[in-house]
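J.: Any chance you could fold what I've pasted below:
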Amino acid sequence: MKNFCASLLFLLCFTSSYCQNHWQLKKDTNGIKIYIRSIPDSNFNEYKANTTLNTSLHTVLQELLSAPKYNANTAKSGVSYYVKQIAENQHLFYVKKDLPWPLKDRDIITLLTVKTLDDNSTKLTLEALPTALSEHKNTVRIKTLMGYWLLENQNNKTKITQQLFLNPEGTIPPFVSNLLLVKGPFNTFLALKKLEKQNT
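T.: Below is the predicted model of the structure:
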């Protein structure tokens, strides 16, 4: 009986953990799907988005490495730029987002590492590198960002997946941040879909 109870407790814990981490589809429009899930020991959620574009993997990769074009469509009030290349396959990007009073602005320095997985797939790993540049006055530096872009060649089309977790730091309520988890990536993927028109 003791062993049975222990096994049952383990099963319940595993099931509870699985349910907390299960992806939930929140938006399915224009060929773009956005999922979110909760993260253990965090009030903030993680998102995953995907779509398939009728364009080459190389074209998508070059767009993602072009910070001004990419962020112009996602940060209407703020600054973004390519900082520098620190290795053959590693790049630094800076983004600052202006937020309405009384919230402080946020900025983040992202290290992007490009790795070719095989002939048909490339992964771009994303992580925060908060000490790479000096901090700015009245701006909260984001220290936690984890995620990736996955580009997969599928019959001359490119399947794009982005998965990301970010802690905005400070006093932004989690429910506000979590509400933006669908809008932000959806606008990013809409911008990427313009690559199809450029190739027609």
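
J.: Can you get me a residue count around residue 168?
T.: 21 (other C-beta atoms under 10 Å). To be clear about C-beta, it is placed using only N, CA and C from the backbone, and glycine gets the same treatment.

J.: Look through the chain and tell me its longest helix.
T.: helix 174-198 (DSSP state H).

J.: list the helices and strands it packs on?
T.: strand 24-29, strand 32-38, strand 45-53, helix 57-64, strand 157-167 (3 or more C-beta pairs under 8 Å, 6 or more residues apart in numbering; DSSP states H and E).

J.: I'd like the mean pLDDT over that helix, please.
T.: When pLDDT is averaged along helix 174-198, the result is 82.

J.: Can you check what angle separates it from strand 157-167?
T.: In terms of direction (axes from the mean of the first three to the mean of the last three C-alpha atoms, to 10 degrees), helix 174-198 departs from strand 157-167 by 160 degrees.

J.: which residues sit against helix 174-198?
T.: Residues outside helix 174-198 that contact it (C-beta atoms under 8 Å, 6 or more residues apart in numbering): 26-27, 29-32, 34, 36, 43-45, 47, 49, 51, 53-55, 59-60, 63, 70, 73-74, 160, 162, 164, 168.

J.: What's the ChimeraX syntax to select whichever of these are buried?
T.: In ChimeraX, this line selects whichever of the contacts of helix 174-198 come out buried by 16 or more other C-beta atoms under 10 Å:
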select :27,32,34,36,44,45,47,49,51,53,55,59,60,63,70,74,160,162,164,168
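
J.: sorry, back to before: so which of the helices and strands packed on helix 174-198 gets nearest residue 113?
T.: helix 57-64 (12.3 Å; C-beta to C-beta).

J.: Any idea how far that closest one is from the middle of the chain?
T.: Relative to its parent chain, helix 57-64 has a centroid offset of 16 Å by C-alpha atoms, centre = their mean, to the nearest Å.

J.: Who is the residue nearest the centre of the chain paired with across the strands?
T.: Nearest residue to the geometric centre of the chain (C-alpha atoms, centre = their mean): residue 164, 3.3 Å. With DSSP bridges as the criterion, residue 164 is bridged to residue 47, residue 147.

J.: okay but it is in contact with residue 142, surely?
T.: No. If you go by C-beta atoms under 8 Å, residue 164 and residue 142 don't touch, sitting 11.9 Å apart.

J.: If I look at residue 79, what pLDDT would I see?
T.: 80.

J.: Neighbours of it, how many?
T.: 13.

J.: Touching, it and residue 96? I think so.
T.: Yes. Using C-beta under 8 Å, residue 79 is in contact with residue 96, at 4.5 Å.

J.: What strand or helix carries residue 124?
T.: Element membership of residue 124, judged by DSSP states H and E, is strand 121-128.

J.: can you pull the buried residues of that strand?
T.: Buried-residue list, strand 121-128, by 16+ other C-beta under 10 Å: 121, 122, 124, 125, 126, 128.

J.: give me the low-pLDDT residue ranges for this protein?
T.: Scanning the chain for pLDDT under 70 picks out the ranges 1-20, 67-77, 178, 199-200.

J.: Would you tell me which strand is longest in it?
T.: Taking DSSP state E as the criterion, the chain has its longest strand at strand 105-118.
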